[in-house]
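Trainee: build me a model:
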Amino acid sequence: MSFREFEYADGKSFKFWKIEQQGSDVVTRYGRIGSDGQETKKDFGTPEAAKKAYDKLVAEKTGKGYVEKTGGGVASSEAAPAAKPAKGAKGAAAATAPAASTPISSMLFATTRDGNFGHLNNFIGQRVTDYKEGTPPKGKTVFRIRCHCEEDEETAAQFKERFHNFLKSDAALETIGLVTGLEEMYPDEDKNISVALLAEHADRLPKLQALFLGDILQEEQEVSWIKQTDISPVLAAFPHLEMLRVRGADGLAISKPQHAKLRALAIESGGLSPEVVASICRGKFPELEYLELWLGTPNYGGECRVNDLQPILKGKLFPKLKYLGFRNAEIADDIAAVIVKSPVIEQLETLDLSLGNLSDEGANALLQLKDNTSLKRLDLHHHYIGKPVQKSLKQLPFPVDLADAKTVDENDEWAGRFISVSE
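Mentor: A predicted model of the protein is given here:
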């Protein structure tokens, strides 16, 4: 079958590209994810010439970072009718499935590539709208609820009021993606207010597919200061949730790591505790295709070692996993040395070791991936790899992102290899 479908996300663009050969014709359709896009059709005279052009176009797109979609649903421009609530159901969220699946590629680059956090402009391929009382829903809506750091000290109370106003509105009923931001500048309690509010009022968000907890800027709170909590109540309250992204790991826990439909999980941190990683490794997420963990540094709680990752590396834990990111990792070299020989590599399409301190040592190990035919992308941006080894990596049979190369000034007594995001 000649039909193939690809997706691309870089933090600003969320695009699809489809191609099909029809005899001597090559038909392509492209555009923003969630739209109908545009179609082109070109006659190459013979099926052989069309096949040659088809292969060339596919190679060009994958070389630019497009990733082929395998399974799962691409966001459709026509929403399927919502399921009717089950008789006797207490909450709409427990009985009503989302209209259409969200493209898994939209999780990639949900934050800026260099790790410097800016407010999300797009999430799951849709524009983020800051909710203000009375804001009507428009199409596939992604709302953000947050307080601003310049507001007075009663930010927690303001946040709760704003959240409650949102939940009471018609906008909540149509929301497919929700982003939460700053709740208060200096929280007294070691927890995230959003989780409790979401779990309590899940029935007001019957179409929620994707959730981002912690859209907080560095000038508001360093990533290591962001208070989180046990996120298991959210997993339990939203059985149709497909994507969950969390920023900050202070206080983070997953006491009941299970969800029947979650397809993507990402945790951004300056240091992810072994306890949280262990929870994920005990997890029951049969549909998980995308796992992104910012392991960080021991200076901020990132005490994980490669042995802690072994349940994931064995490849049986998440059988549908296609993207695996051990990002922002001080142990990037150690991970690289082990993962090339791990069973999980055989099922992956994207391996992401970006934002860490990968050196020639780890990069040389990754050269063994030349014999791997399933990988379609290797992301190493923000690294400490020398030019000779970079040249060798570029010979691998799939795109390798080597942007943002760093060097160590040996004359600087404070110099060293640093991950992108720590404090």
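Trainee: please, where are all the strands along the stretch 201-350 of the chain?
Mentor: Ranges of strands within the stretch 201-350 of the chain are 210-215, 243-247, 264-268, 290-296, 323-329, 350-352, based on DSSP state E, counting those that start in this stretch.
Trainee: with respect to Asn192, which of the ones you listed lies nearest?
Mentor: Among the strands of the stretch 201-350 of the chain, the nearest to Asn192 by CB to CB is strand 210-215 (6.2 Å). All C-beta atoms are positioned from the backbone trio N, CA, C, and that covers glycine.
Trainee: dump the closest one to CSV, keeping only the CA atoms.
Mentor: C-alpha atoms of strand 210-215 as CSV (Å, rounded to 0.1, in the frame of the first residue of the first chain):
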residue,chain,number,x,y,z
ALA,A,210,-4.6,16.3,27.0
LEU,A,211,-3.4,18.0,30.2
PHE,A,212,-0.3,20.1,31.0
LEU,A,213,0.4,20.7,34.7
GLY,A,214,2.9,23.5,35.3
ASP,A,215,3.2,26.0,32.5
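Trainee: the chain should start at 719 in everything you say after this.
Mentor: Shifting the count to begin at 719 puts that one at strand 928-933.
Trainee: centre of the chain versus it, how much separation?
Mentor: Here strand 928-933 is found 11 Å from its chain centre; the criterion is CA atoms, centre = their mean, to the nearest Å.
Trainee: can you check stretch 1097-1114 too?
Mentor: Relative to its parent chain, stretch 1097-1114 has a centroid offset of 24 Å by CA atoms, centre = their mean.
Trainee: list the buried residues of that stretch.
Mentor: With burial defined by 16 or more other CB atoms under 10 Å, the residues of stretch 1097-1114 counted as buried are Asp1097, Leu1098, His1099, His1100, His1101, Tyr1102, Ile1103, Val1107, Gln1108, Ser1110, Leu1111, Leu1114.
Trainee: got it, and stretch 753-763?
Mentor: Buried residues in stretch 753-763 (16+ other CB under 10 Å): Gly755, Phe762.
Trainee: what does the average pLDDT come to for that stretch?
Mentor: Here stretch 753-763 scores 86 as its mean pLDDT.
Trainee: can you give me the end-to-end distance of that stretch?
Mentor: End-to-end distance of stretch 753-763: 31 Å, with CA to CA, to the nearest Å as the criterion.
Trainee: can you list the neighbours in contact with that stretch?
Mentor: 734, 742-749, 768, 770-771, 795 (CB atoms under 8 Å, 6 or more residues apart in numbering).
Trainee: for those, give me JSON lines that also has pLDDT, neighbour count and secondary structure.
Mentor: Listed next are the contacts of stretch 753-763 as JSON lines, based on pLDDT from 0 to 100; neighbours: other CB atoms under 10 Å; DSSP: H, G, I helix; E, B strand; the rest coil:
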{"residue": "Phe734", "pLDDT": "83", "neighbour count": "23", "secondary structure": "strand"}
{"residue": "Ser742", "pLDDT": "91", "neighbour count": "16", "secondary structure": "coil"}
{"residue": "Asp743", "pLDDT": "91", "neighbour count": "16", "secondary structure": "strand"}
{"residue": "Val744", "pLDDT": "92", "neighbour count": "23", "secondary structure": "strand"}
{"residue": "Val745", "pLDDT": "92", "neighbour count": "17", "secondary structure": "strand"}
{"residue": "Thr746", "pLDDT": "92", "neighbour count": "17", "secondary structure": "strand"}
{"residue": "Arg747", "pLDDT": "89", "neighbour count": "16", "secondary structure": "strand"}
{"residue": "Tyr748", "pLDDT": "88", "neighbour count": "18", "secondary structure": "strand"}
{"residue": "Gly749", "pLDDT": "84", "neighbour count": "15", "secondary structure": "strand"}
{"residue": "Ala768", "pLDDT": "90", "neighbour count": "21", "secondary structure": "helix"}
{"residue": "Lys770", "pLDDT": "89", "neighbour count": "13", "secondary structure": "helix"}
{"residue": "Ala771", "pLDDT": "90", "neighbour count": "17", "secondary structure": "helix"}
{"residue": "Ser795", "pLDDT": "27", "neighbour count": "15", "secondary structure": "coil"}
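Trainee: out of these, which two sit at the greatest distance?
Mentor: Applying CB to CB across the contacts of stretch 753-763, the maximum distance is between Lys770 and Ser795, 31.8 Å.
Trainee: closest one to Gly843 among the strands of the stretch 919-1068 of the chain?
Mentor: Of those, the one closest to Gly843 (CB to CB) turns out to be strand 928-933, at 9.6 Å.
Trainee: on contacts alone, who are the packing partners of that closest one?
Mentor: With contacts taken as 3 or more CB pairs under 8 Å, 6 or more residues apart in numbering; DSSP states H and E, strand 928-933 sits against strand 893-899, helix 911-918, strand 961-965.
Trainee: and these: which comes nearest Asn1090?
Mentor: Closest among these, using CB to CB: strand 961-965, at 26.8 Å.
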